[in-house]
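Novice: I'll drop the sequence and a predicted model, then ask my questions.
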Amino acid sequence: MRRNRRVKILATLGPSSSEQDIIENLWRAGADVFRINMSHTDHDRLAMLVNRIRSVEEKVGRPIGILADLQGPKLRVGTFADGPVMLENGATFVLDNDKAPGNAERVYLPHPEILKALEPTHRLLLDDGKIQLRVTEASATRAVTEVIVGGKLSDRKGVSVPDSEIATSAMTEKDHRDLIAALEQNVDWVALSFVQRPDDIAEVRKITRGRAGVLAKIEKPQAVGRLDEIIELSDAIMVARGDLGVEMPLEQVPGLQKQITRAARRAGKPVVIATQMLESMISAPVPTRAEVSDVATAVFEGADAVMLSAESAAGSFPIEAVSTMDKIAQQVEQDRNYLQIIHAQRTDPEATGADAISAAARQIAETLKLAGVICYTTSGATGLRASRERPSTPLIVLSPVLATARRLALAWGLHCVVSEDAANEDDMVDRACHIAHQEGFAKPGQRIIVTAGVPFGTPGTTNMLRIAFVGSDGRSAV
């Protein structure tokens, strides 16, 4: 079964979508990768979901990617003695290291690292940004603030500090345990929340050691400020618009989405657009017109994947949400302006043989109107280079490594097939023609272009391309 679109769909599993038949229906509706949110998943449930996804994968005969999304640090205020309090605009409110229950004048902040990082004029955002405070005095034990935007504050509401870089890891002890459990289950991707600096990515890479791709979620101003360094160390990027919109002015988020998407595309790293894409479909069978436009904008921008969160995890219409996203993406990619917009953002290949060959394969395929570009890849690097080119010609990736095919399920335009490595050049061409025909991309008499590395089976050596005819039997013809 082949998709009729290039952009991929990432669907979150949850209470509405944990059963195996639902997971299968989500895949058939268009989900290419499944996200498991470790904020709400213990290790037994993680193993159960992975097993169910792998069972679906075996049944449908297509590689399916799995992403384990680590929770990250949850910063929260303490509790209040007499229930919720009202903070009035202009009032003074103190956050301190006193564990006593709070009141309308103060509350316990169980995060000494925040108190140490705060300085006068820094902002504190409470309860997803509904309440805004500005620091007037700061020490290692307490922060005196002025209430800029007041409201009701109750126990354990979240705290964001957009102006402060907190001297703490993006990975908590829980995240470390969850990461080990996810690697034991052979997930394909791990997502790191609340990244502030490149060191956060390096810390995770030391543990994964290539066993899973590392996806950095961009949701803090500090990460935006060091975006290029973070992209360089990551395998993929997520524009996590929910928390990004809390920590930064909402009106800046659309521009940042474009900035991050284009930076990731230049680097050849998959980029995912996430949060509230079809939010109304949590409770309604159809989305709003604005949501349709939002998804379409991400597709026009050339994002590798668009993501559903609560829509597929906890909503009443998970399959309809995936199906709707699939239809929007297909329609956008058929728009006459789509390829023009995508191609306008294409960047020059890097000065390597592999990049030059990927660029040449795309140009030849488009000039000669070939049926497909077929890439042999062991590590996945060749597939990502081909995807970076955003060709109008279909892309088929052949890999002898199942884990590589699963990981590449996240990347734009890649139709991944697990196949034995070629024995020699003739076998390579013959196998490519057969699979292109078998998968419905090429008809007898059509031509394809094949890229590979010689010697075969050596990762990172893409150094050849060849044009081949598909014969009447679906094999190569001279």
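Specialist: Looks like it came in fine. Just so you know, these numbers come straight off a predicted model, no measurement behind them.

Novice: where's the most centrally placed residue in the chain, which helix or strand?
Specialist: Nearest residue to the geometric centre of the chain (Cα atoms, centre = their mean): residue 272, 3.7 Å. Per DSSP states H and E, residue 272 falls inside strand 271-274.

Novice: What's the first helix or strand after that strand?
Specialist: Per DSSP H and E, strand 271-274 leads on to helix 289-300 as the next helix or strand towards the C-terminus.

Novice: who does the helix or strand just after that next one touch, helix- and strand-wise?
Specialist: Next helix or strand after helix 289-300 toward the C-terminus (DSSP H and E): strand 305-308. If you count contacts as 3 or more Cβ pairs under 8 Å, 6 or more residues apart in numbering; DSSP states H and E, strand 305-308 packs onto strand 8-13, strand 271-274, helix 289-300, helix 318-334. No exception for glycine: its C-beta is placed from N, CA and C like everyone else's.

Novice: How much space separates the residue nearest to the centre of the chain from residue 387?
Specialist: Using Cβ to Cβ, to the nearest Å, residue 272 is found at 13 Å from residue 387.

Novice: what is in contact with these two at once?
Specialist: Common contact partners of residue 272 and residue 387 (Cβ atoms under 8 Å, 6 or more residues apart in numbering): residue 304.

Novice: Extract the residue ranges of this protein that are flagged as low pLDDT.
Specialist: Applying pLDDT under 70 to the chain flags residues 456-461, 476-478.

Novice: the domain parsing of it - what is it?
Specialist: Structural domains of the chain, as assigned by automatic domain parsing, span the residue ranges 8-72+170-338, 85-160, 353-477.

Novice: Pipe those into CSV and attach distance to residue 2 per row.
Specialist: Formatted as CSV, the domains of the chain follow (distance: least, Cβ to Cβ, whole Å):
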stretch, distance to residue 2
domain 8-72+170-338, 9
domain 85-160, 40
domain 353-477, 6
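
Novice: Identify whichever of those lies nearest to residue 78.
Specialist: Of all those, it is domain 85-160 that lies closest to residue 78, at 3.2 Å by Cβ to Cβ.

Novice: for the closest one, how far is the first residue from the last?
Specialist: Domain 85-160 has its terminal residues 19 Å apart, counting by Cα to Cα, to the nearest Å.

Novice: Please apply the same query to stretch 364-378.
Specialist: Stretch 364-378: ends 23 Å apart by Cα to Cα.

Novice: What residues sit buried inside it?
Specialist: Neighbour counts using 16 or more other Cβ atoms under 10 Å place 364-366, 370-378 of stretch 364-378 among the buried residues.

Novice: One more: stretch 243-253?
Specialist: Those would be 243-248, for stretch 243-253 by 16+ other Cβ under 10 Å.

Novice: same question, stretch 135-155
Specialist: Buried residues in stretch 135-155, counting neighbours by 16+ other Cβ under 10 Å, are found at 135, 138, 142-145, 147, 150-151, 153.

Novice: what do you get for stretch 428-438?
Specialist: In stretch 428-438, counting by 16+ other Cβ under 10 Å, buried: 428-437.

Novice: could you dump these to TSV with secondary structure and distance to residue 75?
Specialist: Shown next, in TSV, are those (DSSP: H, G, I helix; E, B strand; the rest coil; distance: Cβ to Cβ, whole Å):
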residue	secondary structure	distance to residue 75
428	helix	53
429	helix	56
430	helix	58
431	helix	53
432	helix	52
433	helix	56
434	helix	55
435	helix	50
436	helix	51
437	helix	55
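
Novice: and residue 284, how many residues sit next to it?
Specialist: With neighbours defined by other Cβ atoms under 10 Å, the count for residue 284 comes to 15.

Novice: looking at the domains of the chain, which is closest to residue 347?
Specialist: Judged by Cβ to Cβ, the one of the domains of the chain that comes nearest to residue 347 is domain 8-72+170-338, at 4.9 Å.

Novice: What's the end-to-end length of that closest one?
Specialist: Domain 8-72+170-338 end-to-end distance (Cα to Cα) = 16 Å.

Novice: cool, and stretch 61-71?
Specialist: 31 Å.

Novice: So which bits of it are buried?
Specialist: Buried residues in stretch 61-71, defined by neighbour count with 16+ other Cβ under 10 Å: 62-71.

Novice: Not counting sequence-adjacent ones, nearest residue to residue 185?
Specialist: Among residues not flanking residue 185 along the chain, residue 50 sits closest, at 4.5 Å (Cβ to Cβ, 6 or more residues apart in numbering).

Novice: now do residue 202
Specialist: Spatial nearest neighbour of residue 202, excluding adjacent residues (Cβ to Cβ, 6+ apart): residue 233 at 6.1 Å.

Novice: neighbours of the one you found, just the number please.
Specialist: Around residue 233 there are 17 residues (other Cβ under 10 Å).

Novice: Would you confirm that it contacts residue 204?
Specialist: No. Counting by Cβ atoms under 8 Å, residue 233 does not reach residue 204; the two are 9.4 Å apart.

Novice: joint contacts of the two?
Specialist: Joint contacts of residue 233 and residue 204 (Cβ under 8 Å, 6+ apart) are residue 214.

Novice: Please identify the helix or strand for the residue nearest to residue 185.
Specialist: If you go by DSSP H and E, residue 50 is part of helix 43-60.

Novice: counting contacts, what elements does the helix or strand following that helix pack onto?
Specialist: Using DSSP H and E, the helix or strand that follows helix 43-60 in sequence is strand 65-69. Helices and strands touching strand 65-69, by 3+ Cβ pairs under 8 Å, 6+ apart, are strand 33-37, helix 43-60, helix 173-184, strand 189-192, helix 402-407.

Novice: let's see it at 7 Å
Specialist: If you count contacts as 3 or more Cβ pairs under 7 Å, 6 or more residues apart in numbering; DSSP states H and E, strand 65-69 packs onto strand 33-37, strand 189-192.

Novice: Please render those as JSON lines that adds distance to residue 441 to the earlier fields.
Specialist: Listed next are the helices and strands packed on strand 65-69 as JSON lines, based on distance: least, Cβ to Cβ, whole Å:
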{"stretch": "strand 33-37", "distance to residue 441": "21"}
{"stretch": "strand 189-192", "distance to residue 441": "26"}
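
Novice: could you dump those to CSV with mean neighbour count and distance to residue 405?
Specialist: Listed next are these as CSV, based on neighbours: other Cβ atoms under 10 Å; distance: least, Cβ to Cβ, whole Å:
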stretch, mean neighbour count, distance to residue 405
strand 33-37, 25, 12
strand 189-192, 26, 13
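
Novice: returning to what we had before: direction included, what does the strand holding residue 272 pair against?
Specialist: Partners of strand 271-274 in the sheet, by DSSP bridges, are strand 236-240 (parallel), strand 305-308 (parallel).
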